[in-house]
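Engineer: pasting the sequence and the predicted model now:
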Amino acid sequence: MKNKYIFGGVIAVVFLGMMIFLFTKSNIQYESDFDKVMSSDRTIKATGSWVKEKSYEVNKSDRTFAFYMKDAAGHEMKVIYAGTIPNNFESAQSIVVTGQYKNGNFHAKDILTKCPSKYQDKQSAAANS
Amino acid sequence: MAGSILITLALAFSIFSMVMYFFTYRGAKNTLNIARMSYHAMAMLVIIASAFLMYLIITHQYQYEYVYSYSNDDLPFGFLLSTFWAGQQGSFMLWLFVTALIGVFLQSYTGKRDDLEPRVMMFFTLSTTFLLAMVSPLMKNPFAYIWAEPMFLETAKINSIYLNSAFMQNFMFNDPNSGQTFVKMSKDLYATLQGAGISVNQFIIHGKGLNPLLQNFWMQIHPPILFAGFAMTTVPFSFAMAALLKNDYKDWVRQSFPWILAGSGILGLGIMLGGYWAYGVLGWGGYWAWDPVENASLVPWLISVAGIHTMIVQRKTQAKGGMGKFVKTNLLLSILAYVMVLYSTFLTRSGVLGDASVHSFVDPGAIVYLFLIIFVGTFLLLGVGMIIYRWRYLESQIVDEESLLARELALFTATVTLGASALIVAVGTSAPIFKQSVETRFYNEMHVPLAIIIGLLNGFSFLLKWRHSSGEDILKKSKFSLIATGVFALLIILFGKVYDVMMILLSVSAAFAFFVNAEIAYKIFTGNKKMLGAYIAHIGFSLFILGVVGSSAYSKQVEVDLTKGKPVQILGHTLEFTSYNPIENNTKYEFNVSVKDGDGKGEARVIKPIMFISAFNNSLMREPDILEGFTKDFYISPLSYEDGSNIENKPQGNAVTLMPNEKTSVEGAQLTYTDFIKPDMSVMMGGGNFQMGAKLTVTKNGKTETIEALMKKSEQGVTFVPVELKDADLRIELTKIDPTSKKAELIVGKLSMPVVTTQPAEVLAVNASTKPFISLVWIGVAVVVIGFFVSTLRRLKESWA
């Protein structure tokens, strides 16, 4: 037997196994349909946009930040994020929140704001009308 | 126009050079000089084109879309440099520029070594050809004119004397959402301006500016170094392909070695500078967040470093004749490192990771997307195809069995471990393609055991001899390191209070590696210093791991409100928010926080986190400030600031903002804004007394009440009438109401909680954290990089042999 195959093989098998296990355990799916987000109890990355017509609230005492998000079909949900209002929030074109839907609200532990002007500009859609 | 012509010409020369090198390889006699000249012409054109782009940026030529989109006339010279690589077009240009320069040195290097030049340069010019095609007028051309594609410009960017001209009427558009007016820049407007004798540069007088996150020193040096690292991976790839082409695998390792070492050093430095930027400017609180863009640069580095370890074995085992061991592994890793650079580029530039990264890259369009796939596919198929084609021959050359206690096997295991790390990062980063994603703990938990193995190998392999070692010998050699490691372990458990088993194992394995390497390095320091490279790099790596353990596993953080003038004790420091002051022409605000050690005696140092509203993207930007020290950093990231001026006599409670028909739940009650109470408009306009407000229904404990939260205007001024609900224990007060949008702002609190009427305070909310031994992260990486460069010098000498 070749030692290198034993050594390499053992490491490869152990780590592949660990990787598959951890991957399934820490895996989070993207979901852009809020109907599905609201009917699931798993941790999800929900993608949508901020409902600008509805205001947002910053709660100082328990340090949460709440706002409304909608998906492409117009389904809305309230998002409560455990943290302060992120940089770039007002100008965000789309938002990705990671968390769970519970008791009528989406509780986000992570928020990602995507700002159109950061790398490329796409304001033509808005200004075209 | 000139820029596009330069690029197109360079592309033609690059293709021509590649074809001529191919003919030379096939035995043509007088094509080599033509190929060289074409390469130099291409490189010259690329340098001129880059200088031209820089010139356009510095002189604010806003008729170019790229210059308009990423710069402005108020930027200082240093930040105008950053504009060069702030966008996709420019960063491809930077990559091309560095690649073309490296090629000049590579041509001279290979030209002096047998028949190497045509074989290597053939593949290298294939790479420059693809990069040139990428920035050509068909794709991501930095020299595209602003009118080439219709684009909407803010009126503030336009010279105001033209805005009211009659010919402008057809090109002005209103955005109903924001109420802003835009000018539609298009071929039509260009023709109209031409007709009126106005140059575009007179017409557009400001650019959009540069993202404030990129306006700092680190973003001036991180991208060029990172792209130099990317470009360097092209070289080992070309050497591997050249070896496969000739079916001769003896010399390529020696010749490729200095390049892969230097490349890994440069790429490592580039990655670290990016990490420092994230730590010091972005305010992440850390240097690494497993963001796809970071991972994308890490994977090629891991593969290159994995390759280096088995390349050493191949070199060493060649001494007995033959091509040496692990030839297939080395070829594959050299090829994969470059392919992974291209794959990373695909991931970060094609828009597939759109939702996964803070670097919001926008879909570049179908043509570029397809081209990126072809780019990656070509190099992957070429590389892997060649290995498969030569597989049988390579199999037949396998040499004898090695002993278990030999350095060869330890190094091979190191390669497998580093390869496993690369695979883990690549799999996690690719997950969003399949609409999946992983939490960061996937990377963290996978890497703890990997790093322990790496630490043990890092120490152990240097105790092993080539071919075979005796157990006795190893024990004798490791005496000092084992004792020192034991002492270290006791120290961190007793004094460092490190109790987590995995963290102890990780620190101990890193410390063991440190002591082994330090002992050997000390012994050979008086001898041939060129041999020190490997030990320096490995010492650096073990310091780095210790820094990672300290700063990640033992970092503490708290969010705290700092009221002006009131010292607060947290994390072993006493903080006091003293004042704030405007900086940089009143565009930013510096918040002065005085920090004292312990309970507040002793000398105060001031740290100054910054917050500002950026005109570039109309958002609140925050910059942290750090009190740096060798044993720990004290990190302050600002969250928010209340100046206290407009919240006088503010009742305790939650701020709630509602639109008509909107619901919210607060303090255990359901609140619905049912109706807007209209003011008498004529009285209001006339300046008389009026009232307006919000009609609300409040449901708590199954009871529903309807209330009116009112704002009253009288001769005494504006007053808000609080509503008190005894049963529900609620106090609801209007603080602001807007008659046009009907938006109501309310304070909802518990009645049982007294209304505090203290003087309003200035409050700065911050996130404070301590990062033990984070300095070792930077020192460690810097030492690794030095190690790579020392090794490069040594292997450069050997490459002649």
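Structural biologist: Arrived safely. Numbers count the residues shown, from 1 in each chain, chains lettered A, B, ... in the order given.

Engineer: what segments of chain A are helices?
Structural biologist: A:3-26, A:34-39, A:124-127 (DSSP state H).

Engineer: could I get those helices as CSV with mean neighbour count?
Structural biologist: Any C-beta I mention is one placed from the backbone N, CA and C, and that applies to glycine too. CSV is the format used below for those (neighbours: other CB atoms under 10 Å in any protein chain shown):
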stretch, mean neighbour count
helix A:3-26, 15
helix A:34-39, 16
helix A:124-127, 16
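
Engineer: which one of those helices lies closest to B:V299?
Structural biologist: Closest to B:V299 of the helices of chain A, according to CB to CB: helix A:3-26, at 14.6 Å.

Engineer: for the nearest residue to B:A148 once chain neighbours are set aside, give me its contacts.
Structural biologist: Closest residue to B:A148 apart from its sequence neighbours, by CB to CB, 6 or more residues apart in numbering or on different chains: B:E65 at 6.9 Å. For B:E65, the residues meeting the contact criterion (CB atoms under 8 Å, 6 or more residues apart in numbering or on different chains) are B:144-146, B:148-149, B:151.

Engineer: now B:Y62
Structural biologist: B:68, B:146, B:157, B:200-201, B:204-207.

Engineer: care to break the chain down by domain?
Structural biologist: Assuming you mean chain A. In the domain annotation for chain A, the residue ranges read A:1-27, A:32-127 (automatic domain parsing).

Engineer: actually it's chain B I care about, not the one you picked
Structural biologist: Residue ranges for the structural domains of chain B, counted by automatic domain parsing, are given in the record as B:1-145, B:151-203, B:212-313+B:327-355+B:366-390+B:402-440, B:654-750.

Engineer: from the chain's centroid, how far away is the second one?
Structural biologist: Computed by CA atoms, centre = their mean, to the nearest Å, the chain-centroid distance of domain B:151-203 equals 36 Å.

Engineer: what's the answer for the third one, then?
Structural biologist: Relative to the centre of its chain, domain B:212-313+B:327-355+B:366-390+B:402-440 is centred 15 Å away, using CA atoms, centre = their mean.

Engineer: next one: stretch B:440-447
Structural biologist: On the basis of CA atoms, centre = their mean, stretch B:440-447 sits 19 Å off its chain's mean C-alpha point.

Engineer: just the mean pLDDT for that stretch, thanks.
Structural biologist: On average, the pLDDT along stretch B:440-447 is 89.

Engineer: again, but for stretch B:4-18
Structural biologist: Per-residue pLDDT over stretch B:4-18 has a mean of 97.

Engineer: check which residues of that stretch are buried.
Structural biologist: By 16 or more other CB atoms under 10 Å in any protein chain shown, the buried positions in stretch B:4-18 come out as B:4, B:6-18.

Engineer: list the residues that contact residue 50.
Structural biologist: The chain I'm using is chain A. When contacts are counted by CB under 8 Å, 6+ apart, A:W50 touches A:56, A:67-69, A:89, A:92, A:95.

Engineer: my question was about chain B
Structural biologist: Counting by CB under 8 Å, 6+ apart, B:S50 has contacts B:84, B:93-94, B:97.

Engineer: format the residues you listed as JSON lines; extra columns: neighbour count.
Structural biologist: Compiled in JSON lines, the contacts of B:S50 are given as follows (neighbours: other CB under 10 Å):
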{"residue": "B:F84", "neighbour count": "26"}
{"residue": "B:M93", "neighbour count": "29"}
{"residue": "B:L94", "neighbour count": "22"}
{"residue": "B:F97", "neighbour count": "25"}
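
Engineer: quick one: which of the residues you listed is nearest B:S619?
Structural biologist: Nearest to B:S619 out of these is B:F84 (CB to CB; 24.3 Å).

Engineer: would you list the phi and psi of that closest one?
Structural biologist: phi -50, psi -40 (degrees, to the nearest 10).

Engineer: low-confidence ranges in chain B?
Structural biologist: Using pLDDT under 70 as the threshold, the predicted model of chain B has low-confidence ranges B:177-178, B:354-363, B:399-404, B:600, B:644-652, B:681-688, B:715-717, B:753-760, B:801.

Engineer: which parts of the lengthiest helix in it are buried?
Structural biologist: Taking DSSP H as the assignment, the helix of chain B that covers the most residues is helix B:366-396. Neighbour-count burial for helix B:366-396, counted by 16+ other CB under 10 Å, picks out B:368-369, B:371-372, B:375-376, B:379-380, B:382-383, B:386-387, B:390, B:394.

Engineer: nearest to chain A among these?
Structural biologist: When the buried residues of helix B:366-396 are compared for distance to chain A (CB to the nearest CB), B:V368 wins out at 11.6 Å.

Engineer: doesn't B:S136 make contact with that closest one?
Structural biologist: No. Using CB atoms under 8 Å, B:V368 is not in contact with B:S136; the gap is 11.2 Å.

Engineer: any stretches of chain A with poor pLDDT?
Structural biologist: Going by pLDDT under 70, which is the cut-off in play, chain A has low-confidence ranges at A:1-4, A:60-61, A:87-88, A:91, A:115-129.

Engineer: quick one, strands of it?
Structural biologist: Chain-ordered strands for chain A, with DSSP state E as the definition, fall at A:27-31, A:44-50, A:57-59, A:64-70, A:76-81, A:94-102, A:105-114.

Engineer: pick the most deeply packed of those.
Structural biologist: With neighbours defined by mean count of other CB atoms under 10 Å in any protein chain shown, none of the strands of chain A is more surrounded on average than strand A:44-50, at a mean of 22.

Engineer: okay, the angle between that strand and strand A:64-70?
Structural biologist: Put simply, strand A:44-50 runs at 80 degrees to strand A:64-70, going by axes from the mean of the first three to the mean of the last three CA atoms, to 10 degrees.
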